[in-house]
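Enquirer: I'd like to go over a predicted model; first the sequence, then the structure.
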Amino acid sequence: MGFLTGDNIYNRLMTKIFDLCLLSILTTICCLPILTAGSALTSMYAVMMKMSKNIEGPIISSYFKEFKSNLKNSFGGSIVLVAGIVILTLDLTLWTQNEVEGRSLFYGLTITLIVLFLSINDWYLAIRARFNESTLQAYVNAIKFGLVFLPVTLMNGVFSVLFVFLVTRYAFLIFFIPLVGIAVLFYPKAILMGKKIDKYIIDKKLVPVNEEVSEISADNEESSAASTSSIASTSSIASTSSAASADKTYNRSDWKKLRFSDKISYILYNHIAEIVFFLLLVFIIGGIGANYFFGKDTCKFNLAVVNSYTDKSDMSLSDELNAYYEFDGKKKYAKCDTAYQISYQYNDKIIENPAAETSFFDKFFLNIRNGLIDAAIIPESFYEYCNTQGDIFYDVEYVLSKEQASEYRDLFISATTEEGVFVNGIIIDDCEYLKNSGLKFLDVNSSDSYVLVFPITGGNLEECRRFVDYIK
């Protein structure tokens, strides 16, 4: 078999890539109605398993044949899949945004549940693609196969989580998911799980039936095959194909005698799943590592504004800060965040912000605790409230230069705590920045002065000093 023949490795590889891209597009389109996602993914697995043995036929007709046969019985699986993803995503968001006792533990447990959920659903889709079973039967057998082949199960789950992380980290990759993303994510799994299911059926003579895994003896094999014709018909071709290829082994001397092209063909046929998994993991881990060491973007200045509104967007205000600091807005950037609408109580007076949510309150103090806010413009009454919660803000004379401290001394505002009196705020009612940015407090704080403070957990003090010069 020469390279210039029509059936060379290059042509077969490119045909396979084109078929996978086409299959990704078909699956994406059929997943759009949401409730057909189960049938779409099951059909995708069925075609991919056939592709791994080169018995798939025309992709479009093969896919829609599977889709039509799976559509009626797949709604239950679709509901479980979509509901599980939504619930676990909301749960993960909850533990990400809220600082509560044991947060790290619950966050880790949620990630573990996501890995297990995705892994079991991979087995569920693969089983539905091979066997004619109800949703309940398929999930029960998915759990059984997941436990029998636990390394494959965990590998599938971890790979899915890494894939999602990479896509969320690099948003532009979302546009490639309909074309190649689905194939990249599911084709290696289809090959690996297909081989395991074939091996399990052939070696152990076990088939999943009615939530049980029953052994087929040699004496009643024919009658059992008749009673499970839908299962046997889907696995007979796989059994023959696997027996013809997987059972072929070579010792070292025979292997050396093989032509190079035959060695490549043998490796690609019998170990394609392992190769693809390895290459994808290297790519993902390499991408994450490269981003960690070389591509990290850094927020050099984060300004929080509480209970305010403006005609300008946060992005526009951030762009103005980036221009002032001469940041590129990518590797280094400044940020202005006005999404802090907070209600609070101070001196028996309740400041009721109609736009307030508990999450905004938690976000403000959580970001301060985590060192994510360098400076904040807040109402004077909220400033007084914060000082009752402990030492939150720097003594401004620690942050400002001597010249700045001398210039703003008449505008200093102090707080009294158990440890003494501290000058930890600057009244900036008349600064040019408020006029140029259009920032105004809501009506509930309209009588308050604007106070500039610097949280003690913030680390970009040089940028804070430059901001003081900027607002003049």
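Expert: Sure thing, it's come through. Residues are numbered from 1 along each chain as shown.

Enquirer: how about low-confidence regions in the stretch 51-200 of the chain?
Expert: In the predicted model of the stretch 51-200 of the chain, residues 96-104, 169, 171 satisfy pLDDT under 70.

Enquirer: And for the stretch 301-450 of the chain?
Expert: Low-confidence segments of the stretch 301-450 of the chain, defined by pLDDT under 70: 330, 417-420.

Enquirer: which residue ranges form the strands in it?
Expert: Using DSSP state E, counting those that start in this stretch, the strands found in the stretch 301-450 of the chain span residues 308-309, 332-340, 344-346, 349-351, 375-379, 412-417, 420-427, 440-441, 450-453.

Enquirer: for those, which one sits closest to Phe176?
Expert: When the strands of the stretch 301-450 of the chain are ranked by proximity to Phe176, the top entry is strand 332-340, at 25.4 Å, counting by Cβ to Cβ. Any C-beta I mention is one placed from the backbone N, CA and C, and that applies to glycine too.

Enquirer: hang on, the earlier thing: put together CSV for the strands of the stretch 301-450 of the chain, with mean neighbour count and distance to Arg252 on each row.
Expert: Converted to CSV, the strands of the stretch 301-450 of the chain look like this (neighbours: other Cβ atoms under 10 Å; distance: least, Cβ to Cβ, whole Å):
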stretch, mean neighbour count, distance to Arg252
strand 308-309, 17, 75
strand 332-340, 20, 57
strand 344-346, 15, 77
strand 349-351, 13, 81
strand 375-379, 26, 69
strand 412-417, 14, 79
strand 420-427, 18, 76
strand 440-441, 18, 80
strand 450-453, 26, 74
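
Enquirer: Tell me which of those sits nearest to Gly57.
Expert: Between Gly57 and the strands of the stretch 301-450 of the chain, the shortest separation by Cβ to Cβ is 51.8 Å, and it involves strand 332-340.

Enquirer: Identify whichever of the strands of the stretch 301-450 of the chain lies nearest to Ser318.
Expert: Ser318 sits nearest to strand 332-340 of all the strands of the stretch 301-450 of the chain, at 4.9 Å, using Cβ to Cβ.

Enquirer: relative to strand 375-379, how tilted is the closest one?
Expert: Angle, strand 332-340 to strand 375-379, by axes from the mean of the first three to the mean of the last three Cα atoms, to 10 degrees: 20 degrees.

Enquirer: picking up where we left off before, is it possible to get CSV of the strands of the stretch 301-450 of the chain that adds distance to Leu118?
Expert: Below are the strands of the stretch 301-450 of the chain laid out as CSV (distance: least, Cβ to Cβ, whole Å):
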stretch, distance to Leu118
strand 308-309, 42
strand 332-340, 31
strand 344-346, 41
strand 349-351, 45
strand 375-379, 40
strand 412-417, 50
strand 420-427, 48
strand 440-441, 46
strand 450-453, 44
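
Enquirer: Those strands: which one's closest to Thr358?
Expert: Counting by Cβ to Cβ, Thr358 lies closest to strand 344-346 out of these; the figure is 11.5 Å.

Enquirer: Partner strands of the closest one and their direction?
Expert: Paired neighbours of strand 344-346 in the sheet (DSSP bridges): strand 349-351 (antiparallel).

Enquirer: Distance from the chain centre to the strand it pairs with, please.
Expert: Offset of strand 349-351 from its chain centre (Cα atoms, centre = their mean, to the nearest Å): 40 Å.

Enquirer: what sits up against that strand?
Expert: Applying Cβ atoms under 8 Å, 6 or more residues apart in numbering, the external contacts of strand 349-351 come out as 307, 343-345, 379, 381-382, 444-445.

Enquirer: Closest one to Ser134 out of those, please.
Expert: Taking Cβ to Cβ as the measure, Ser134 sits nearest to Ser343 out of those, at 51.0 Å.

Enquirer: got a list of what the closest one touches?
Expert: For Ser343, counting by Cβ under 8 Å, 6+ apart, the contacting residues are 350-353, 356, 361.

Enquirer: in terms of contact, does Leu20 touch Leu185 like I think?
Expert: No - in this structure, Leu20 sits apart from Leu185 without contact. The criterion is Cβ atoms under 8 Å, and the distance is 10.9 Å.

Enquirer: returning to that earlier point: specify which member of the contacts of strand 349-351 is nearest to Ser119.
Expert: Distance from Ser119 was checked for each of the contacts of strand 349-351 by Cβ to Cβ. The minimum falls on Ser343, at 43.2 Å.

Enquirer: Return the distance of the closest one relative to Phe360.
Expert: Computed as Cβ to Cβ, to the nearest Å, the Ser343 to Phe360 distance reads 9 Å.

Enquirer: One more: Tyr266?
Expert: Between Tyr266 and Phe360 the computed distance is 61 Å (Cβ to Cβ).

Enquirer: Many thanks, have a good one.
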